[in-house]
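# Just need the structure, nothing else, for what follows:
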Amino acid sequence: MAGENGNGKPHKLALIASRGTLDWAYPPFILASAAAAMDWDVAIFFTFYGLPLLKKDLKATVTPLGNPAMPMKMPFGSESFQKINWPIPNLLMGNIPGFESMATGLMKKMFKNKGVATVAELREACVDMDVQLIGCQMTMDVFGFEKEDFIEEAEVGGAASFLSYAADASISLFI
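A predicted model of the protein is given here:
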């Protein structure tokens with residue numbers, strides 16, 4: 001069976017999501033939904049800046065300052081115009097008013113044009129496939145979040161409860 005690890009037990013995937021920008025929101029939800037579709041048990045622990053990915057009002061944006069490897073070949077204008085590589089220094093990008101909003105819109109458009117689900121759709125798929133979505137209690141306390149800020153399916157737990165799950169995981173990843 002696809003979901004078993006060879007010992008008759010289901011595969012388990014333990015993910016830690018520590019960043020909440022649009023580009024960093026995709027990996028945990030893509031991996032979790034793919035594993036869940038393969039009948040794996042999956043849990044994602046949302047901590048620090050990844051915790052807002054559990055908010056009811058999901059507003060992940062792109063920030064070039066937080067990602068020095070962000071390519072500057074973005075789909076500006078016409079198809080021939082898009083082939084131009086825009087060598088804008090990363091530090092400068094973060095200081096251009098409206099650049100974050102523009103980069104977010106462009107990335108969303110690029111993903112939509114390629115048929116990639118939105119982060120909200122991937123999160124909903126995870127919910128539908130019973131992926132455990134665990135918000136870090138300590139991070140909630142530090143940043144002032146309340147359980148009511150998050151989607152109904154989100155659980156709240158500490159590091160020890162997630163580590164208990166991860167101890168038996170086939171794969172554990174920090175994203």
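
# So what does the closest residue to Asp41 other than its chain neighbours have for phi and psi?
Spatial nearest neighbour of Asp41, chain neighbours left out: Lys12 (4.6 Å); criterion: Cβ to Cβ, 6 or more residues apart in numbering. C-betas here are computed from N, CA, C, even on glycine. In this entry, Lys12 is assigned phi and psi values of phi -130, psi 130 (degrees, to the nearest 10).

# and Phe162, what element?
Here Phe162 sits within helix 159-166, counting by DSSP states H and E.

# And for that helix, what's in contact with it?
Lys12, Ala14, Ile16, Ala43, Phe45, Gln132, Ile134, Cys136, Met138, Ser172 (Cβ atoms under 8 Å, 6 or more residues apart in numbering).

# The third one and Lys55: what is the separation?
The reference is to Ile16. According to Cβ to Cβ, to the nearest Å, Ile16 stands 18 Å off from Lys55.

# neighbour count winner among the two?
Taking other Cβ atoms under 10 Å, Ile16 and Lys55 do not tie; Ile16 has more neighbours (21 against 17).

# ok so that one is a helix residue?
No - with DSSP: H, G, I helix; E, B strand; the rest coil as the criterion, Ile16 is assigned strand and is not in a helix.

# worst-scoring helix or strand of the protein, pLDDT-wise?
In the chain, no helix or strand scores lower on mean pLDDT, DSSP states H and E than helix 79-82, which sits at a mean of 52.

# Tell me which helix or strand the residue nearest the centre of the chain sits in.
Closest to where the C-alpha atoms of the chain average out (Cα atoms, centre = their mean) is Ala25, at 2.0 Å. Ala25 belongs to helix 22-37 when elements are defined using DSSP H and E.

# helices or strands up against that helix?
When contacts are defined as 3 or more Cβ pairs under 8 Å, 6 or more residues apart in numbering; DSSP states H and E, helix 22-37 packs onto strand 12-17, strand 41-46, helix 99-113, helix 119-128.

# Point out the one among the ones you listed that comes closest to Gly3.
strand 41-46 (8.0 Å; Cβ to Cβ).

# How about the helix holding Ala25, which residues are buried there?
22-26, 28-33, 35-36 (16 or more other Cβ atoms under 10 Å).

# Redo those residues as CSV? Include distance to Leu51 and pLDDT.
As requested, the buried residues of helix 22-37 are exported to CSV (distance: Cβ to Cβ, whole Å; pLDDT from 0 to 100):
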residue, distance to Leu51, pLDDT
Leu22, 15, 91
Asp23, 17, 89
Trp24, 12, 92
Ala25, 12, 95
Tyr26, 17, 96
Pro28, 12, 98
Phe29, 14, 98
Ile30, 19, 97
Leu31, 18, 98
Ala32, 16, 98
Ser33, 19, 98
Ala35, 21, 97
Ala36, 21, 97
